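S.K.: How does the following fold in three dimensions:
(one chain, ligands or ions: 2)
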Amino acid sequence: MTATTTPTPPSPTTPSAASRTAPRGRAALEAWVQEIAALTEPDQVLWCDGSEREKEDLLAQMVADGSLIPLDAERRPGSYLARSTPADVARLEGRTFICSAREEDAGPTNNWRDPVQARRELEEDFAGSMRGRTMYVMPFSMGALDSDLARIGVQITDSPYVVVSSAIMTRMGSAALERIGEDTPWVPAVHSVGMPLVDAAGAPIPDVPWPSNEHKTIAHFPETREIWSYGSGYGGNALLAKKCFALRIASVLGREEGWLAEHMLLIRATPPSGRPLHIAAAFPSACGKTNFAMMTPSLPGWTVETLGDDITWMRPDADGRLRAINPEAGFFGVAPGTGWSTNPAAMETIERDTIFTNVALTADGDVWWEGATPEPPEGLVDWQGREWDPAAGTPAAHPNGRFTVSAAQCPRIAPDWEDPDGVPLDAIIVGGRRATNVPLVAEARDWAEGVFFGATVASEQTAAAEGPVGELRIDPFAMLPFSGYDMAHAWEHWLEIGEQLGESAPRIFRVNWFRKGEDGSYLWPGFGENSRVIEWISRRLAGEAETVDTPIGLLPRPEDLDVEGLDLEEGVLAELFAVDPAAWSAEAVQLREHFARFGDRVPEALRARLDALSDVGTAPPS
Ligand code: OXD
Ligand code: MN
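M.R.: Ligands and ions are numbered 1, 2, ... in the order given. Got it, this is the predicted structure:
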């Protein structure tokens with residue numbers, strides 16, 4: 001870590017025009033750092049090198065000031081617990097803005113802000129916001145440093161928690177800085193927790209373990225590729241490389257440059273004998289992407305290797321295949337629900353060198369959350385630091401409690417997960433959490449129908465964002481909170497990529513692990529048993545399995561899904577694949593309203609698929 005002297009304060013420049021470019025080169029970087037320091041008035045500016053030493057120093061400092069609790073060195077070596085304030089536990093979609101020059105470019109699903117107005121307000125928020133704190137400058141690469149698909153960003157933050165977390169989640173430090181040549185574009189990202197330690201009159205303000213501000217704003221400027229985040233320390237709002245850059249800004253870059261930035265996990269599934277399959281899968285937040293990415297297949301002889309658990313960047317290659325990389329270097333996973341029976345690979349991954357946030361602390365200095373073990377241990381302290389009373393009916397861990405850990409620690413990580421060329425995709429899966437209607441798996445007849453599947457994903461809301469858990473919302477490609485531009489244009493972009501790929505395009509499938517029976521219990525066991533669906537997909541790709549043609553896609557013939565040893569009750573398979581015409585008609589009405597929000601920008605190919613849904617009376621497989 002290198003310290004520089006406090007800069008002389010030029011007034012911050014306001015890029016005026018929609019220039020559609022990121023800043024380029026080192027000189028622009030140095031000038032920008034000076035500008036932000038002049039605006040935010042930190043005590044000192046430190047350039048992060050990403051070294052072990054830097055991380056150790058910051059961790060020690062956070063333990064000393066009470067913002068991290070070290071866990072028991074034997075039970076959980078190198079690991080820490082952070083507790084946020086109750087108002088800073090999730091992504092804040094209501095305070096997340098796309099500040100494109102033209103409102104229509106943000107589309108109807110984003111909160112748009114006039115960029116000039118937003119800049120004015122942000123400058124007020126950030127003025128003096130780092131007084132008494134250190135301003136850290138973190139150059140980082142999304143994607144392996146030597147990958148053609150990688151992109152560089154630089155985040156400024158006044159939060160050491162964000163620095164150590166970003167060192168896990170990205171390739172952060174000197175090596176990324178060295179990638180910034182004279183003409184290299186880099187994405188500028190500014191973050192402040194919004195709690196200076198000195199007030200405007202110079203009086204000290206005492207620090208707290210989780211500094212934040214009641215007023216929070218996460219703003220993106222697609223034209224100038226800038227990100228500004230104020231007032232929150234929560235990962236999705238503060239680790240700007242992740243959702244803000246690798247999805248919102250990257251989706252805009254991808255549209256302009258001919259690639260896709262998607263909210264997808266990435267795996268390699270290998271059958272006992274045969275060719276490995278590369279699969280990317282889009283599920284909304286907290287719908288089991290990490291579990292699927294680290295699955296232990298129940299089918300004998302199958303292996304699943306993890307390439308990524310949250311974000312996938314994809315670009316057609318010279319041979320016409322869609323190549324994919326995971327731009328991240330770590331996992332920021334949801335802890336509750338992760339256990340030895342549901343995701344042993346994740347449990348092994350987080351046995352050491354992990355930062356936990358908002359989970360419970362055990363009496364012997366370890367962590368716990370609902371689902372970690374069947375029974376809670378005695379003497380838990382809950383995520384807010386209070387003695388936990390199991391009878392009180394409140395969870396010990398926050399439902400969106402998280403672990404932050406290096407991907408390299410995952411026992412399932414593919415040995416070539418950092419291959420700069422990425423992997424060629426064979427299949428793309430989309431899905432949501434649906435108690436009703438959506439069958440276990442359906443194949444799209446063609447790319448356009450696959451894009452229709454993606455554009456109409458609906459899911460019951462989870463705790464990853466603030467809002468009413470359980471409510472059904474349409475979440476196209478699981479990108480509702482993450483698209484940096486009008487989603488109808490994103491679907492058009494998907495269709496164009498499909499045309500470019502032609503016959504080499506991956507096949508697209510829709511899945512639903514969460515369908516429930518009449519008694520409210522899940523029909524499908526999920527987790528490792530989802531390998532049975534992958535097995536069917538692999539046979540479809542090999543041209544070996546038949547299908548039943550229905551208005552909602554190609555379904556497996558019940559005898560084609562390998563359910564041997566599953567002990568499914570009589571009728572369950574039929575329920576998993578049942579197509580209820582009345583329910584689909586109702587869904588079609590909802591989807592029509594969804595499309596109507598996008599006006600005439602919805603591509604004709606997708607409108608045609610919606611029209612075809614009215615033919616839904618076709619009998620389900622029996
Ligand atoms: C995440 C999310 O943290 O989607 O990955 O909210
Ligand atoms: Mn996610």
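S.K.: Could I get the full set of helices for the stretch 451-600 of the chain?
M.R.: 487-501, 531-541, 572-577, 581-596 (DSSP state H, counting those that start in this stretch).
S.K.: can you put those in TSV and add mean pLDDT and distance to Val162?
M.R.: Yep, even glycine has a C-beta here, placed from its N, CA and C like the rest. Below are the helices of the stretch 451-600 of the chain laid out as TSV (pLDDT from 0 to 100; distance: least, C-beta to C-beta, whole Å):
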stretch	mean pLDDT	distance to Val162
helix 487-501	98	29
helix 531-541	97	36
helix 572-577	95	43
helix 581-596	92	35
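S.K.: Quick one, which of the ones you listed gets closest to ligand 2.
M.R.: helix 487-501 (16.7 Å; C-beta to the ion).
S.K.: export that closest one as CSV, just CAs?
M.R.: C-alpha atoms of helix 487-501 as CSV (Å, rounded to 0.1, in the frame of the first residue of the first chain):
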residue,chain,number,x,y,z
MET,A,487,-34.3,-4.6,-21.0
ALA,A,488,-36.3,-4.7,-24.3
HIS,A,489,-33.1,-3.6,-26.0
ALA,A,490,-31.2,-6.3,-24.1
TRP,A,491,-33.6,-8.9,-25.5
GLU,A,492,-32.9,-7.5,-29.0
HIS,A,493,-29.2,-7.8,-28.3
TRP,A,494,-29.7,-11.4,-27.2
LEU,A,495,-31.5,-12.1,-30.5
GLU,A,496,-28.7,-10.5,-32.5
ILE,A,497,-26.1,-12.6,-30.7
GLY,A,498,-28.2,-15.7,-31.5
GLU,A,499,-28.2,-14.8,-35.1
GLN,A,500,-24.5,-14.3,-35.1
LEU,A,501,-24.0,-17.7,-33.5
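S.K.: buried sites along that helix?
M.R.: Met487, Ala488, His489, Ala490, Trp491, Glu492, His493, Trp494, Leu495, Ile497, Gly498, Leu501 (16 or more other C-beta atoms under 10 Å).
S.K.: again, but for stretch 376-391
M.R.: Pro376, Leu380, Val381, Asp382, Trp383, Trp388.
S.K.: And the contacts of that stretch?
M.R.: Defining contact as C-beta atoms under 8 Å, 6 or more residues apart in numbering, one finds that stretch 376-391 is touched by 83, 86, 358-363, 368, 370, 394-398, 401.
S.K.: and the residues you listed, which are buried?
M.R.: Counted by 16+ other C-beta under 10 Å, the contacts of stretch 376-391 give 83, 358-362, 368, 370, 395-398, 401 as buried.
S.K.: Which ones among those residues map onto strands?
M.R.: Using DSSP state E, the subset of the buried ones among the contacts of stretch 376-391 located in strands is Ala360, Leu361, Trp368.
S.K.: Would you state the strands of the stretch 501-622 of the chain in chain order?
M.R.: When assigned using DSSP state E, counting those that start in this stretch, the strands of the stretch 501-622 of the chain occupy the ranges 507-511, 547-550, 553-556.
S.K.: Kindly reformat these as a markdown table containing mean pLDDT.
M.R.: Converted to a markdown table, those look like this (pLDDT from 0 to 100):
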| stretch | mean pLDDT |
| --- | --- |
| strand 507-511 | 98 |
| strand 547-550 | 94 |
| strand 553-556 | 96 |
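S.K.: Looking at the ones you listed, spot the one closest to ligand 1.
M.R.: Between ligand 1 and the strands of the stretch 501-622 of the chain, the shortest separation by C-beta to the nearest ligand atom is 17.9 Å, and it involves strand 507-511.
S.K.: so which of the buried residues of stretch 376-391 comes closest to ligand 2?
M.R.: Trp383 (20.2 Å).
S.K.: Let me see the confidence value for that closest one.
M.R.: Per-residue confidence (pLDDT) for Trp383: 98.
S.K.: same question, Glu52
M.R.: 97.
S.K.: how near is it to Ala175?
M.R.: 14 Å (C-beta to C-beta, to the nearest Å).
S.K.: can you check Glu124 too?
M.R.: Between Glu124 and Ala175 the computed distance is 36 Å (C-beta to C-beta).
S.K.: If you count surrounding residues, which of the two has more?
M.R.: Neighbour comparison, Glu124 and Ala175: the larger count goes to Ala175, with 15 against 11 (by other C-beta atoms under 10 Å).
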